[in-house]
Each structure stands twice: as C-alpha cells, then as structure tokens.
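Engineer: next come a sequence and a model predicted from it.
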Amino acid sequence: MPAQKNVYRKNFSLIIIFLVLISITFVVALFISYNLTSKYVENEFASKKIEVLEQTIKPYNDFFQNKIPEITSYQGFLDSASAGKYTASVFHDYTFVKRVVFYDALIGPATPITVRKNNLNISLKATYLFWRQKGKVGSAKQVHPADESDFREMAVKLSNYIAFSDTTRVSSQDELYKTFWDVKPSKITYSNILRRQDVKVYRELAKHNASAELYKQNMMTFYLDPFLLKVKNTHHELYQHVSIQPVVYDPIDSEGNKLITEVSFPGAFSDYKLFFSSDQGYLTAETNRRFMPIGAAVLVITLFLVAIGWLIYRNLNVNIKLFKLQYDFINNFTHEFKTPVSVIKIAGSNLRGDGELTERQRKHYGKILDEEADKLNDLMNKLLSFTQLENKSINIKKEEIVVADFVGRYIDTFKIKYPDFKLKYTTDGVDNFYTDPVLLGSVFQNLMENAYKYSHPKKKELSINITRKKGNLVFAFIDKGIGIPKSEQHNVFKKFYRIENQYNQNGSVGLGLAFCKELVNFMNGDITVNSKVNEGSEFIVTLPNEN
C-alpha cells in the first residue's frame with residue numbers, strides 16, 4: 001500500500017516574506033541610524049568648538065576678571081618694586097602676557113606729561129617697562145613711553161569720571177568698565193578704581209585749583225600675544241587640528257576634502273580666532289565608532305524580533321503537529337475498531353442466518369468472534385492503562401521473578417503466534433529480578449510486537465540480551481527490521497506519533513512505544529533507541545535492580 005501523503009504543509013512563502021521584511025527593516029534601520037549618527041557628529045563639529053574656546057581662553061578670563069583688578073587693592077601706592085613683583089606673578093601665571101608698562105601717575109601737580117581737563121591735572125611721574133627675558137622678568141626704570149596715547153586716553157576718562165560721576169551711589173559695572181578699562185587688540189590698559197570718597201576729594205581739589213596737593217594713581221598696560229595661548233582641544237574625536245589664526249585667515253584648500261569651522265576670540269584677542277579642521281575620513285571614523293553600539297542595538301532588536309517570530313512559528317508548528325497527530329489518531333483508531341467490528345458483524349450475520357451450520361463452521365465463527373473481541377479488549381486496555389499511568393492511578397506490585405522463565409514464556413508465546421518469528425535470548429548470569437511482572441510483561445509484549453511488525457518478511461528476527469550494569473538490569477531488544485531514521489528517533493516515544501512507512505499505514509495509533517516509555521518511567525527506569533535504516537533497531541530498557 002503506498003504511503004499516505006501528508007495533507008499538512010508549511011507555508012514557506014510566509015516565512016520567506018517575514019525574513020525578507022525583517023532583513024529590509026534591519027538594513028533600513030542601519031541606514032537611517034548611520035545617517036543620523038553622521039549628522040549628529042557634523043552638528044557636534046559645528047557646536048562643540050565653543051567648549052574648546054572656553055577652555056582655551058579660561059586663563060585669559062581669569063587674568064581679565066581676577067588678576068588685573070588686583071591693581072585696585074594697592075589704591076595707587078604701587079612703586080617700581082611692588083609693580084615688579086606684581087608683573088612677575090603675571091608673567092608666571094599667564095604665558096600670553098609678553099610685556100607690561102607701568103604708569104606711575106599723579107593727580108594734582110603738573111609734569112612734562114600732563115593731561116589737564118575739568119580743572120584737574122593728571123600727570124605721568126614715571127614709566128616702567130617689564131618684559132619676559134628667557135623665563136625671567138626684566139625692567140627699565142623711567143623709560144620714556146614710545147606712545148603716550150594710552151596714558152592720555154585713560155587720564156581723560158578718569159578726569160571725566162571725577163567730574164561727572166554720581167557719588168551718592170555705587171557705580172555700575174558698565175560705568176566702571178568704560179572708565180577704568182581700555183581694551184584694544186592685543187593690549188589692555190587699566191587704572192585702579194577710585195572710591196567715592198576719593199572722587200569727592202579730587203572734586204574739591206579741582207574746585208579750589210589746589211595744584212600743590214599730591215595724590216598717586218596707578219595705570220598699567222598689558223601687551224598680549226594670542227599665539228602664546230595654549231590651545232586645549234577637549235574634543236580630539238571631532239577636531240583633528242586646532243590652531244590660532246588671524247580673523248582674516250582663509251586657507252586656500254578650504255574647499256578640499258576637509259571640514260573646517262572657526263570661532264573668534266573675545267576682548268583683547270578679537271582680531272584672532274580658533275581655526276578647526278578635520279579630514280572627512282577623521283569624522284567618518286568617529287561616526288563609525290559611535291555607530292557601532294547603535295548598530296549592535298539594532299542587531300539585538302532584529303534578532304529579538306526574529307526570535308519572537310521563530311517562537312510563534314514553533315508554537316504554530318507544534319499545534320499543527322498536535323492537530324495532525326490527533327487527526328491521524330482518530331482515523332487509525334477508527335480503523336482499528338472498524339475492522340474487528342466488521343468481522344464480528346459478518347460472523348454474527350452468518351450465525352444468525354437461516355441456513356444450518358456445521359460444527360466446524362460454528363467453531364470457526366466462534367474463534368473469529370473471540371479473536372476480534374480480544375483485539376478490541378486489548379486496544380481498550382492499552383488506552384485505559386496509558387491513562388492510568390499518566391494519572392499515576394495504578395500501583396507497582398513487585399515480586400521476585402526468574403528471569404529465564406519470564407523471558408522464555410514470552411518467547412514461546414510469540415513463536416506459537418508468529419511461527420516465522422526467529423527469537424533468542426541471553427541472560428548473562430542474571431537469575432532473579434525483583435519487579436512488577438505485569439508491567440514488565442507489557443513492555444516485552446509491545447517491543448516484541450514492534451520487532452515483528454516492522455521487519456521485512458524474510459528478516460523477522462529478535463535477540464533479547466539481559467545484563468547487569470552498575471546496579472541496574474539492562475534489557476536490549478535487537479532486531480533486523482527496517483530501522484528508524486535518525487531525524488525521527490527523538491519522536492518515536494511521543495504519544496500518537498507514527499513514522500510514515502509501508503508497514504505503518506492503517507495499522508497503528510502511535511501508542512505502543514509511548515506506552516512502553518510511560519511504563520518504564522513509572523518503574524523508575526529509562527528506555528532509549530539506537531537504529532539504522534534497513535539494518536535494524538536496538539531498544540535498551542534500563543531498570544533499577546532492587547534486591
């Protein structure tokens with residue numbers, strides 16, 4: 001009889017569509033995330049320059065906001081010595097200051113260099129120059145200033161402040177900055193800030209034209225070199241090269257394979273800028289570095305979705321297989337019942353017929369009824385026993401058996417039942433065994449039936465070998481049957497599972513080996529199978545040997 005074709009099939013087209021969709025989604029996600037990462041890196045290249053600027057000009061800001069205003073604390077009483085100490089600390093802490101001019105100014109008397117405004121004289125008593133010289137501070141006393149414009153400009157602003165400031169309140173920071181500071185490219189001039197009482201005194205001095213009075217005032221001009229600033233590239237991952245350049249600097253290769261950006265310095269360095277440049281490949285490497293964890297996350301999410309899809313597929317596949325098993329079970333079970341019922345019905349009709357039957361005919365029909373009833377009874381008992389085993393509703397009744405006698409009885413029975421069945425056994429010194437003979441007999445019955453059923457007509461042979469192994473009794477049932485494919489061996493002990501072959505059509509409900517496994521497990525044992533197609537199978541039953 002040809003093997004029945006499986007009416008169930010897997011829809012591989014849906015699986016392929018799902019995998020293609022996941023693959024496309026994965027590629028698109030990678031493409032989008034890479035582009036977004038690239039844009040983010042480019043945006044950082046344009047924006048993070050402010051952080052580099054802040055770190056680079058941090059010493060300048062400290063110098064401007066903290067160091068220069070220290071001059072006010074001297075209240076005009078700086079001399080060449082104290083000014084030298086002050087400038088030495090400036091040179092030590094701020095490398096971008098290359099020289100300092102100290103103006104020792106007087107308010108009151110006139111000197112060769114005097115600014116008179118608002119009836120008040122602001123004169124220059126002496127000029128001192130301090131500069132760097134091989135890491136040391138040099139000075140020149142009373143150097144004639146090459147350019148008096150800084151002093152004169154500060155003197156005019158100071159005179160106007162004395163004449164017009166509001167002494168009833170504290171001056172604002174903007175008023176103080178406009179009066180006592182003068183910031184020009186690469187230099188800063190500063191005069192010590194006057195107190196309100198000092199302003200009142202100077203106004204009285206101007207009002208009475210008291211030129212004999214003498215008041216000291218200090219001014220300093222700091223000459224700065226922006227190229228002496230230390231560039232602090234806090235984002236090496238973005239900026240390959242950072243340099244200080246004049247504002248008018250424009251490289252010829254600005255249109256080449258480089259990304260450039262710039263930001264101007266504030267204050268006295270306003271004629272200069274920080275110039276940033278990076279090769280396109282440099283930023284590409286940074287983009288790739290940042291993209292790696294993102295790509296890994298996308299991959300993990302994709303694998304997670306694939307895993308979910310696989311779990312769904314496996315669940316559907318299991319349900320389909322279960323449905324198939326149930327469907328096949330109903331069909332085969334119906335056939336198993338239908339055949340003996342049909343035979344019984346025919347035999348019953350013949351017995352009930354009008355014609356007289358001979359004694360031989362009555363015995364023949366009686367034998368048929370008895371055999372078919374036994375088949376039905378055996379099938380029902382097997383189902384009932386299987387259910388009882390699963391529900392643990394039966395008890396093991398152990399007794400001591402003589403192994404040789406036990407096995408011999410079953411071999412004799414099967415020789416009578418199947419005369420063409422070649423049977424032999426060895427006990428290898430095993431004499432007695434303490435077990436439940438009914439349950440063990442059911443195992444023997446099913447395994448021997450299978451050995452006969454699934455063997456070629458001219459190779460119906462079975463060898464039963466019984467040995468001891470590590471406190472267990474091992475029963476090996478070795479046949480020369482059709483064998484079991486390796487891919488099917490892990491399924492043969494499942495309930496309702498049947499291997500489709502020419503020996504297994506409409507003649508099995510898939511309970512025999514499953515019933516054996518349940519029996520062996522119930523007796524705290526184990527059953528395994530080794531098999532090769534067309535060479536035979538070996539079923540190994542291992543049971544605990546309890547004395």
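Structural biologist: Arrived safely. Numbers count the residues shown, from 1 in each chain.
Engineer: low-confidence regions, the stretch 101-250 of the chain specifically.
Structural biologist: Counting by pLDDT under 70, the stretch 101-250 of the chain has low-confidence residues at 134-147, 210-212.
Engineer: what are the ranges of the helices in it?
Structural biologist: Applying DSSP state H, counting those that start in this stretch to the stretch 101-250 of the chain gives helices spanning 149-164, 173-180, 196-208.
Engineer: of all those, which one comes closest to Q489?
Structural biologist: Closest to Q489 of those is helix 173-180 (CB to CB; 91.0 Å). Glycine gets a C-beta too; all of them are placed from N, C-alpha and C.
Engineer: residues of that closest one that come out buried?
Structural biologist: Buried positions in helix 173-180, judged by neighbour count with 16 or more other CB atoms under 10 Å: L176, T179, F180.
Engineer: same check on stretch 115-131?
Structural biologist: 115, 117, 120-124, 126-131.
Engineer: what's the closest of those to F151?
Structural biologist: L124 (5.6 Å).
Engineer: and that closest one, what does it touch?
Structural biologist: Counting by CB atoms under 8 Å, 6 or more residues apart in numbering, L124 touches Y103, D104, A105, L106, T111, I113, T114, P145, E148, F151.
Engineer: just the buried ones from those?
Structural biologist: Y103, D104, A105, L106, I113, F151.
Engineer: okay if I get these as CSV plus distance to D62?
Structural biologist: Listed next are the buried ones among the contacts of L124 as CSV, based on distance: CB to CB, whole Å:
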residue, distance to D62
Y103, 24
D104, 26
A105, 26
L106, 31
I113, 33
F151, 26
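Engineer: and the closest residue to G295 other than its chain neighbours, what element?
Structural biologist: Of all residues not flanking G295 in the chain, L30 sits nearest, at 6.0 Å (CB to CB, 6 or more residues apart in numbering). Here L30, judged by DSSP states H and E, is contained in helix 12-47.
Engineer: one more: Y410?
Structural biologist: Using DSSP H and E, Y410 falls in helix 403-417.
Engineer: ok, then the element right after that helix?
Structural biologist: strand 422-426.
Engineer: and that next one, how far from the chain's centre?
Structural biologist: Offset of strand 422-426 from its chain centre (CA atoms, centre = their mean, to the nearest Å): 61 Å.
Engineer: one more: stretch 32-42?
Structural biologist: 19 Å.
Engineer: K532 - how many residues pack around it?
Structural biologist: 12 (other CB atoms under 10 Å).
Engineer: assign the closest residue to it other than its chain neighbours to helix, strand or coil.
Structural biologist: Using CB to CB, 6+ apart and skipping residues adjacent in sequence, the residue nearest K532 is G483, 5.2 Å away. For G483, the assignment made with DSSP: H, G, I helix; E, B strand; the rest coil gives coil.
Engineer: please list all residues in contact with G483.
Structural biologist: S531, K532, V533, N534, E535, G536, S537.
Engineer: and those residues as TSV, adding pLDDT?
Structural biologist: Converted to TSV, the contacts of G483 look like this (pLDDT from 0 to 100):
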residue	pLDDT
S531	90
K532	89
V533	88
N534	85
E535	87
G536	90
S537	92
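Engineer: go through those residues and flag which are in strands.
Structural biologist: Those of the contacts of G483 mapping onto strands are S531, K532, G536, S537, per DSSP state E.
Engineer: now a ChimeraX select for only the buried ones of those residues.
Structural biologist: To isolate the buried ones among the ones in strands among the contacts of G483 in ChimeraX, judged by 16+ other CB under 10 Å, type:
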select :531,536,537
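Engineer: which one of the ones in strands among the contacts of G483 is nearest to F12?
Structural biologist: Out of the ones in strands among the contacts of G483, the member with the shortest distance to F12 (by CB to CB) is S531, at 29.3 Å.
Engineer: thinking again about what came up before, the buried residues of stretch 115-131: which two are farthest apart?
Structural biologist: L120 and W131 (32.5 Å).
Engineer: run a quick neighbour tally on the closest residue to V407 other than its chain neighbours.
Structural biologist: The shortest distance from V407 to any non-neighbouring residue, by CB to CB, 6+ apart, is to Y425 (5.0 Å). Using other CB under 10 Å, Y425 is surrounded by 17 other residues.
Engineer: hey, what's Y425 bridged with?
Structural biologist: Under DSSP bridges, the beta-bridge partners of Y425 are I464.
Engineer: A373 and V341, how far apart?
Structural biologist: According to CB to CB, to the nearest Å, A373 stands 10 Å off from V341.
Engineer: same check on M292?
Structural biologist: Look at M292 and V341: by CB to CB, they are 71 Å apart.
Engineer: then V170?
Structural biologist: 118 Å.
Engineer: the more surrounded of the two?
Structural biologist: V341 (13 against 10).
Engineer: what's near enough to touch the more buried one?
Structural biologist: V341 makes contact with E372, L376 under the criterion CB under 8 Å, 6+ apart.
Engineer: that one falls within a helix, correct?
Structural biologist: Yes: assessed with three-state DSSP, V341 lies in a helix.
Engineer: one step back: quick check: the two most widely separated of the ones in strands among the contacts of G483?
Structural biologist: Every pair of the ones in strands among the contacts of G483 checked by CB to CB; the farthest is K532 and S537, at 8.0 Å.
Engineer: picking up where we left off before, next one: the residue nearest to V407 from M448, what distance?
Structural biologist: Distance from Y425 to M448, by CB to CB: 11 Å.
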